[in-house]
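Asker: model the structure of this input:
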Amino acid sequence: MKRIAAYFLVALPLLLTASVLVSFTRQSDERIKGNGNVKQESRDASAFTDISTSGVYKVVIEQGNTHSIRVEAEDNLLPYILTDIAGGELRIHSKKGYNIQPTKEIKVYITLQKVDKLSASGAGGFTSKGKLTSDRIELRFSGAADADLDIRTHELKVGVAGASNLTLKGNTDKADYSISGSADISALDLSTENAKIGISGTGKADVFVQKKLDVGISGMGKVKYKGEPSITQSVSGMGKISKI
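Answerer: As a prediction, this is how the structure comes out:
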């Protein structure tokens with residue numbers, strides 16, 4: 001007990017100091033408020049298969065024969081919205097040291113040949129224009145990010161956290177979902193052969209599974225399914241599995 005108390009006596013000041021530094025850093029960022037004058041700007045684009053976004057960016061993805069990037073935002077914010085490509089990944093983020101405050105929605109229109117991974121944190125998200133086809137697709141969302149995607153893939157791997165919301169349709173042979181916090185997945189229109197779902201917290205998943213469904217829930221998570229799969233389940237707490 002004494003060792004635990006000593007640990008907290010040392011750790012607490014460090015945690016408070018870190019919190020103050022983070023708060024100071026955020027407050028010291030220069031705030032740039034949108035002027036209401038929306039314009040579009042095309043950006044240079046080399047090849048990429050992964051896209052990540054942090055902030056309030058709404059990304060519209062279309063699969064095609066080329067790679068292109070077009071940003072739609074208030075014109076005084078455009079210089080502070082960065083679209084960097086490195087190692088096959090497109091990063092959409094704000095310029096360091098600046099806190100942009102749009103009064104109009106910021107949209108980024110993307111065309112790419114192949115999709116491997118989509119990641120979003122903050123209040124942004126993804127929408128697909130047409131179907132996204134790939135052998136394997138990975139999706140990672142946190143904060144209040146959301147997505148509405150039409151996909152066709154052999155293997156789908158999904159991780160959602162916080163208050164994220166994900167809507168999926170299309171088809172996949174295998175899906176692996178990891179849900180934490182109060183995140184929700186709506187995939188009743190995604191035809192799936194085999195699915196594995198892990199939930200911690202109060203998250204929810206609605207799925208369409210035809211062969212095998214493996215569910216693990218800790219907390220108050222809920223899984224609703226349609227189809228006639230064989231089910232393996234491990235539920236602790238007040239979790240619930242039910243057929244639609």
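Asker: tell me where this structure has helices.
Answerer: Counting by DSSP state H, the chain forms helices over residues 2-28, given from the N-terminal end onward.
Asker: residue ranges with poor pLDDT in it?
Answerer: Low-confidence regions of the chain, defined here as pLDDT under 70, cover residues 1-28.
Asker: residue nearest the centroid of the chain?
Answerer: Compute the mean C-alpha point of the chain, and by C-alpha atoms, centre = their mean the closest residue is Phe141, 2.1 Å away.
Asker: tell me who's in contact with the nearest residue to that one once chain neighbours are set aside.
Answerer: Excluding the flanking residues, the one nearest Phe141 by C-beta to C-beta, 6 or more residues apart in numbering is Ser164, at 4.1 Å. The C-beta positions use only the backbone N, C-alpha and C, and glycine is treated the same way. Counting by C-beta atoms under 8 Å, 6 or more residues apart in numbering, Ser164 touches Ala120, Phe141, Ser142, Gly143, Ala144, Ala145, Asp146, Gly181, Ala183, Asp184.
Asker: isn't the fourth one right next to Ala163, touching?
Answerer: I take that to be Gly143. Yes. When contacts are counted by C-beta atoms under 8 Å, Gly143 is listed as touching Ala163 (7.2 Å).
Asker: wait, Gly201 touches Ser180, no?
Answerer: Yes. Using C-beta under 8 Å, Gly201 makes contact with Ser180 at a distance of 5.4 Å.
Asker: identify the bridge partners of Asp189.
Answerer: Lys169 (DSSP bridges).
Asker: for it, give me its contacts.
Answerer: Taking C-beta under 8 Å, 6+ apart as the criterion, Asp189 is in contact with Leu168, Lys169, Gly170, Phe208.
Asker: burial count for the first one?
Answerer: To tie it back to what came earlier, the one meant is Leu168. Burial of Leu168, expressed as a neighbour count using other C-beta atoms under 10 Å, amounts to 26.
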